[in-house]
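Undergrad: This is a predicted model, with the sequence first.
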Amino acid sequence: MGHKLKITGWIALGALAGALTTVSLQTVARNTLDPLPLEELQQLAAVFNLIKSDYVEPVDEKKLITDAISGMVASLDPHSQYFDKKAFKEFREGTSGKFVGVGIEITQEEGLVKVVSPIEGSPAFRAGLKPNDLITRIDDTAVKGLTLNEAVKRMRGEPATKVLLTIFRKDENRTFTVTIVREEIKQQSVRAKMIEPGYAWLRISQFQERTVEDFAKKIDELYKQDPKLKGIVLDLRNDPGGLLTAAVAISASFLPDNVTVVSTNGQTPDSKQVFKANPKDYAGRGADPIKALPAALKKIPLVVLVNEGSASASEIVAGALQDHQRATIMGSQTFGKGSVQTFRPLGPDTGLKITTSRYYTPSGRSIQAKGIVPDLMVDDTEEGSPYAVLRMREADLDKHLQSGQGEEKKDPERERAREQALKRLEEEARKPESERRLPEFGSDKDFPLIQALNKLKGREVLVSKTLTERKPEVKDN
């Protein structure tokens with residue numbers, strides 16, 4: 001990205017160390033010119049000294065300071081975070097697509113760790129962990145009271161070592177334990193196949209360092225199987241995000257050259273950027289993986305599938321393709337992760353991830369706490385999407401950043417819908433598990449995929465009769 005890389009290093013979006021986030025690494029911290037609040041700092045020092053001298057037992061001074069920093073940062077919003085040496089190493093591993101652990105994307109809910117999604121093919125996936133499972137204990141340690149970072153640390157470890165997780169599964173109202181053997185997680189972020197002659201399905205599960213290269217290979221394979229492709233379904237459902245450069249590159253694969261893909265805006269000069277469908281904005285001085293893709297790819301009919309689990313980088317792709325009228329967006333309203341976090345080094349071993357800007361679609365829309373609204377609302381199944389209202393989104397997170405584009409109001413209808421969905425979920429939980437599981441993405445029973453194919457073929461699409469646009473809301477303070 002030329003001069004931009006010298007300023008920001010690289011920018012990442014998505015589920016890194018378990019949190020849906022957008023990150024920009026910077027090599028120098030911004031100097032503040034504002035005077036420090038001396039009276040409050042004196043109080044902080046006084047509290048520190050009192051704890052050190054009067055607490056019932058000796059305290060670790062370094063841990064006390066670290067916890068104070070962590071608490072101060074955590075009070076800002078769900079995505080700002082203090083990193084120690086190990087946490088930063090694990091954070092970087094998350095974008096490479098390789099790390100040693102159990103293989104789950106997580107968030108926090110009511111002090112517990114909530115499974116957003118098990119990574120396909122991971123030990124957690126094979127052990128049967130499901131979205132919305134709550135982890136209450138990690139080995140002998142209760143999760144309540146741990147930060148998300150501390151919980152991640154306890155689940156990470158050396159290859160071939162075991163970790164015992166205690167799980168509470170809400171929809172079955174039961175608690176059980178599962179022993180998982182840690183291993184190096186190598187997520188295959190791109191999958192593709194011909195669904196039928198002329199029509200292809202291409203799924204991106206996360207935007208990582210190898211995603212663009214793997215995407216280019218899959219496109220080549222598809223065109224070798226059928227040089228006369230008539231349409232592609234780009235599946236971004238449950239894609240929590242990843243690297244911004246990957247999102248820009250995937251968007252550029254389908255868009256005209258040099259059009260705007262996404263922009264960012266905040267207080268600092270380096271937070272105000274525009275990223276275009278141009279190699280310098282996604283490949284920098286390196287090789288351009290999408291340069292040799294067939295020219296027909298920029299004009300082929302395209303449908304993008306999204307849902308509440310589509311966040312951050314996947315929302316950037318969907319928003320860019322929607323604003324440029326390059327694709328039909330289908331599914332349900334996305335997660336609404338539209339903020340950028342910047343990593344500021346505090347020393348050789350520590351750093352601060354702090355929210356510095358919002359990102360905007362090409363037309364100038366902020367999707368923070370709102371998400372991308374599909375062109376066509378489509379249910380999860382032919383029977384509907386009775387549990388969509390229960391899925392977590394950005395607006396459900398405590399202290400979430402508002403969109404900055406108008407006042408957000410609570411939606412009382414949503415709470416009533418949640419109560420109805422919970423009742424139905426209790427009834428559904430009594431059925432055999434085989435009857436409750438949604439069809440696998442890309443299968444011949446995948447209802448949204450069937451509707452996407454109908455759209456590509458010019459046939460009638462069975463749009464949802466129940467899904468409606470979510471209105472932004474704020475939590476009471």
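TA: Nice, thanks for sending it over.
Undergrad: and residue 140, how many neighbours does it have?
TA: Neighbouring residues of residue 140 were enumerated by other CB atoms under 10 Å; the total is 7. In short, each C-beta sits where N, CA and C put it, glycine included.
Undergrad: for it, what are its contacts?
TA: Shown in contact with residue 140 (CB atoms under 8 Å, 6 or more residues apart in numbering): no residues.
Undergrad: Could you do the one 4 residues further on as well?
TA: Listed by CB under 8 Å, 6+ apart, the contact set of residue 144 reads 111-112, 136.
Undergrad: Can you give me the pLDDT of it?
TA: At residue 144, the model reports a pLDDT of 92.
Undergrad: Assign a three-state SS to it, would you?
TA: Look at residue 144: counting by DSSP: H, G, I helix; E, B strand; the rest coil, its state is coil.
Undergrad: roughly how far apart are residue 84 and residue 139?
TA: As for residue 84, its distance to residue 139 is 20 Å (criterion: CB to CB, to the nearest Å).
Undergrad: Between these two, tell me which one has more neighbours.
TA: Between residue 84 and residue 139, counting by other CB under 10 Å, residue 84 is the more crowded of the two (15 against 11).
Undergrad: nearest residue to the more buried one other than its sequence neighbours?
TA: The shortest distance from residue 84 to any residue that is not its chain neighbour, by CB to CB, 6 or more residues apart in numbering, is 5.7 Å, and that residue is residue 350.
Undergrad: Surely residue 86 is in a helix?
TA: Yes. Secondary structure assignment places residue 86 in a helix (three-state DSSP).
Undergrad: and it, how many neighbours does it have?
TA: Applying other CB under 10 Å, we find 13 residues neighbouring residue 86.
Undergrad: check contacts around it.
TA: If a contact means CB under 8 Å, 6+ apart, then residue 86 has residue 153 as its contacts.
Undergrad: Pull up the per-residue confidence for it.
TA: Model confidence at residue 86, given as pLDDT, is 72.
Undergrad: gap between the residue nearest to residue 84 and residue 322?
TA: Per CB to CB, residue 350 is found 39 Å from residue 322.
Undergrad: what about those two, which has more around it?
TA: Just comparing residue 350 and residue 322: by other CB under 10 Å the higher neighbour count belongs to residue 322, 22 against 15.
Undergrad: pLDDT score assigned to the residue nearest in space to the middle of the chain?
TA: Closest to where the C-alpha atoms of the chain average out (CA atoms, centre = their mean) is residue 240, at 2.6 Å. Reading off the per-residue confidence, residue 240 sits at a pLDDT of 88.
Undergrad: I'd say it and residue 311 touch.
TA: Yes. Residue 240 lies in contact with residue 311 (CB atoms under 8 Å); the separation is 5.0 Å.
Undergrad: Please, where are all the strands along the stretch 251-400 of the chain?
TA: 260-266, 273-276, 302-306, 328-331, 339-345, 351-360, 376-377 (DSSP state E, counting those that start in this stretch).
Undergrad: which helices and strands sit right next to the longest one?
TA: Which is strand 351-360. With contacts defined as 3 or more CB pairs under 8 Å, 6 or more residues apart in numbering; DSSP states H and E, the packing partners of strand 351-360 are strand 19-25, helix 61-74, strand 81-83, strand 260-266, strand 339-345.
Undergrad: So what's the model's average confidence on it?
TA: Mean pLDDT, taken over the full extent of strand 351-360, equals 88.
Undergrad: now do the same end-to-end measure for stretch 364-373.
TA: By CA to CA, to the nearest Å, the extent of stretch 364-373 from end to end equals 15 Å.
Undergrad: now that stretch: how far from the chain's centre is it?
TA: How far stretch 364-373 lies from its chain's middle: 14 Å, per CA atoms, centre = their mean, to the nearest Å.
Undergrad: Buried residues, it. List them.
TA: Under the neighbour-count criterion of 16 or more other CB atoms under 10 Å, stretch 364-373 has 365-373 buried.
Undergrad: Let me see the domain layout of the protein.
TA: Each domain of the chain is listed here as a residue range: 99-186, 190-337+360-456, per automatic domain parsing.
Undergrad: Give me whichever of these is most buried.
TA: domain 190-337+360-456 (a mean of 19; mean count of other CB atoms under 10 Å).
Undergrad: Is residue 106 bridged to anything, and to what?
TA: On the basis of DSSP bridges, residue 106 is bridged to residue 115.
Undergrad: hang on, isn't it packed against residue 118?
TA: No. Counting by CB under 8 Å, residue 106 stays clear of residue 118, with 9.9 Å between them.
Undergrad: re the thing from before, how much space is there between the residue nearest to residue 84 and residue 72?
TA: When CB to CB is the yardstick, residue 350 and residue 72 sit 14 Å from each other.
Undergrad: and what of residue 147?
TA: Taking CB to CB as the measure, residue 147 falls 13 Å from residue 72.
Undergrad: What of residue 81?
TA: Distance from residue 81 to residue 72, counting by CB to CB: 11 Å.
Undergrad: Compare these two (neighbour count), which wins?
TA: Set side by side, residue 81 and residue 72 show more neighbours around residue 81, with 27 against 13, by other CB under 10 Å.
Undergrad: Now do the contacts for that one.
TA: So, once contact is read as CB under 8 Å, 6+ apart, residue 81 ends up touching 17, 19, 70, 73-74, 87, 148-149, 341, 352-353.
Undergrad: Buried among those residues? Need that as a selection in ChimeraX.
TA: Here is the ChimeraX selection string for the buried members of these, based on 16+ other CB under 10 Å:
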select :17,19,70,73,74,87,148,149,341,352,353
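Undergrad: which among the contacts of residue 81 gets closest to residue 244?
TA: Checking the contacts of residue 81 against residue 244 by CB to CB gives residue 341 as the nearest, at 11.4 Å.
Undergrad: Bridged to the closest one, which residues?
TA: Note on residue 341: beta-bridge partners residue 23, residue 355, judged by DSSP bridges.
Undergrad: And it, how far from residue 52?
TA: As for residue 341, its distance to residue 52 is 32 Å (criterion: CB to CB).
Undergrad: Equivalent analysis for residue 333, please.
TA: Spatial separation of residue 333 from residue 52 under the definition CB to CB is 50 Å.
Undergrad: ok, back up a step: any chance of the strands of the stretch 251-400 of the chain in a markdown table, plus distance to residue 188?
TA: Listed next are the strands of the stretch 251-400 of the chain as a markdown table, based on distance: least, CB to CB, whole Å:
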| stretch | distance to residue 188 |
| --- | --- |
| strand 260-266 | 25 |
| strand 273-276 | 26 |
| strand 302-306 | 18 |
| strand 328-331 | 22 |
| strand 339-345 | 26 |
| strand 351-360 | 27 |
| strand 376-377 | 29 |
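Undergrad: Can you tell me which of the ones you listed has the worst average pLDDT?
TA: strand 339-345 (a mean of 80).
Undergrad: on contacts alone, who are the packing partners of that one?
TA: Contact here means 3+ CB pairs under 8 Å, 6+ apart; on that basis strand 339-345 packs against strand 19-25, strand 351-360.
Undergrad: ok, the nearest residue to residue 254 once chain neighbours are set aside - contacts?
TA: Closest residue to residue 254 in three dimensions, ignoring its sequence neighbours and counting by CB to CB, 6+ apart: residue 326, at 5.6 Å. With CB under 8 Å, 6+ apart as the criterion, the residues that contact residue 326 are 254-255, 302, 320.
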